[in-house]
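Trainee: heads up, no residue letters with this:
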């Protein structure tokens, strides 16, 4: 599995990289093969308010799954995005099982 991490106007530290890699490995082992994953973290400011937007894209056989979450700081946005991707992967795996019966 190939994972690409991008940071726009934010530095992605080792702890955050490790958290993302660990969760992606968990998704890969639980729900099926992930061929490629990309996580983009961007810090935005709007009306003097700092926000973090995290977008995750996962390529699986036969499809692409995406999730985008926004929060006041980076870590909660990453966690929310990974939770959303887990739900997407679970739905994809269930549909995939039904089609292969």
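Mentor: Cool, got the structure. Because the structure is a prediction, the values reported are computed rather than measured.

Trainee: surely residue 68 meets residue 57?
Mentor: No. The pair residue 68 and residue 57 fails to qualify as a contact (Cβ atoms under 8 Å) at a distance of 9.4 Å. In this view, the C-beta of every residue, glycine as well, is placed from N, C-alpha and C.

Trainee: please point out which parts of the lengthiest helix in the chain sit buried.
Mentor: In the chain, assigned by DSSP state H, the helix with the most residues is helix 74-99. For helix 74-99, the neighbour count (16 or more other Cβ atoms under 10 Å) marks 74, 77, 78, 80, 81, 82, 84, 85, 86, 88, 89, 92 as buried.

Trainee: next: stretch 19-35.
Mentor: Neighbour-count burial for stretch 19-35, counted by 16+ other Cβ under 10 Å, picks out 20, 23, 24, 27, 28, 31, 34.

Trainee: closest to residue 48 among those?
Mentor: The shortest gap between residue 48 and any of the buried residues of stretch 19-35 belongs to residue 20, at 28.9 Å (Cβ to Cβ).

Trainee: now do the strands in the protein.
Mentor: 2-8, 36-46, 49-60, 63-71 (DSSP state E).

Trainee: so where's the chain shaky on pLDDT?
Mentor: Filtered on pLDDT under 70, the chain yields the residue ranges 99-101.

Trainee: how far away is the residue most central in space within it from residue 47?
Mentor: By Cα atoms, centre = their mean, the chain has its centre lying nearest to residue 56, at 3.5 Å. When distance is defined by Cβ to Cβ, to the nearest Å, residue 56 is 26 Å away from residue 47.

Trainee: how about residue 54?
Mentor: In terms of Cβ to Cβ, residue 54 sits 20 Å off from residue 47.

Trainee: repeat for residue 68
Mentor: Counting by Cβ to Cβ - residue 68 and residue 47 are separated by 20 Å.

Trainee: what's near enough to touch the residue nearest to residue 73 when sequence neighbours are not counted?
Mentor: Among residues not flanking residue 73 along the chain, residue 52 sits closest, at 5.8 Å (Cβ to Cβ, 6 or more residues apart in numbering). Shown in contact with residue 52 (Cβ atoms under 8 Å, 6 or more residues apart in numbering): 10, 41, 42, 43, 44, 70, 71, 72, 73, 74, 77.
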